[in-house]
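> What follows is a predicted protein model with its sequence.
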2 protein chains.
Amino acid sequence: MLAKIHVTLKNGVLDSQGKAVHQALNDLGYAEVEDVRLGKYMEVALSGISEQEAQTRVTEMCEKLLANTVIESYRFSLEPAE
Amino acid sequence: MLAKIHVTLKNGVLDSQGKAVHQALNDLGYAEVEDVRLGKYMEVALSGISEQEAQTRVTEMCEKLLANTVIESYRFSLEPAE
């Protein structure tokens, strides 16, 4: 099973990296760029557990390690392994 | 318009950050984790251009700045602004 996890900064948290990319794109001539938010994307391959277990376990992994829940939120989807 | 961009390491490129997260998850007791790949996720808000233009412009942004196409691949989707 493959967990596809998105970790993004919560609204209202300053995204300085995003601001830097925004500025760089404007400097390159992309004046249509109004805002940039950066986040993380992770693919975690899991084996030997059911989808229901995976749901619980991946939530735990996000809470404990993958996301800093003070400033970040996460969401994930589970897919059958390719 | 909102461009949702995923930048991931190409297959075969060593993902040392992913390996570190993999190890950390195993150490925390998540033995079911078989592999972890880390990537970037970006949301770029665009204004004043058509979807067709956005398609071309965002491809350019990825090629020029957002992805290192030697080792990374990218994909994106365009959505109406919320």
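In hand now; what should we look at?

> how far away is residue A:58 from residue B:9?
For residue A:58, the distance to residue B:9 equals 21 Å [CB to CB, to the nearest Å]. Yep, even glycine has a C-beta here, placed from its N, CA and C like the rest.

> Please say which of those two ends up with more neighbours.
Legend: neighbour count by other CB atoms under 10 Å in any protein chain shown for residue A:58 and residue B:9, higher for residue A:58 (25 against 18).

> Then the more buried one would be within a strand, right?
No. Counting by DSSP: H, G, I helix; E, B strand; the rest coil, one finds residue A:58 to be helix, located in no strand.

> which stretches of chain A form helices?
Assigned helices in chain A, in chain order: A:16-27, A:51-61 (criterion: DSSP state H).

> Redo the ones you listed as TSV? Include distance to residue B:43.
As requested, the helices of chain A are exported to TSV (distance: least, CB to CB, whole Å):
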stretch	distance to residue B:43
helix A:16-27	9
helix A:51-61	22
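
> now for the ones you listed, which one comes closest to residue A:80?
Residue A:80 lies closest, by CB to CB, to one member of the helices of chain A: helix A:51-61, at 8.7 Å.

> buried residues in that closest one?
Across helix A:51-61, burial judged by 16 or more other CB atoms under 10 Å in any protein chain shown covers A:54, A:57-58, A:61.

> quick one: furthest residue from the center of chain A?
Residue farthest from the centre of chain A, counting by CA atoms, centre = their mean, is residue A:29 at 27.7 Å.

> Touching, residue A:2 and residue A:43? I think so.
Yes. Between residue A:2 and residue A:43 there is a contact under CB atoms under 8 Å: 6.0 Å.

> Please could you give me each C-alpha atom of stretch A:12-22, formatted as PDB?
Extracted as PDB, the C-alpha positions of stretch A:12-22 are listed here (Å, rounded to 0.1, in the frame of the first residue of the first chain):
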ATOM      1  CA  GLY A  12      -1.500  32.500   8.800                       C
ATOM      2  CA  VAL A  13       1.900  30.900   9.300                       C
ATOM      3  CA  LEU A  14       4.600  32.900   7.500                       C
ATOM      4  CA  ASP A  15       5.900  31.000   4.500                       C
ATOM      5  CA  SER A  16       9.300  32.600   4.000                       C
ATOM      6  CA  GLN A  17      10.500  30.000   1.500                       C
ATOM      7  CA  GLY A  18       7.300  30.500  -0.500                       C
ATOM      8  CA  LYS A  19       7.800  34.300  -0.400                       C
ATOM      9  CA  ALA A  20      11.400  33.800  -1.800                       C
ATOM     10  CA  VAL A  21      10.100  31.600  -4.600                       C
ATOM     11  CA  HIS A  22       7.300  34.200  -5.300                       C
END
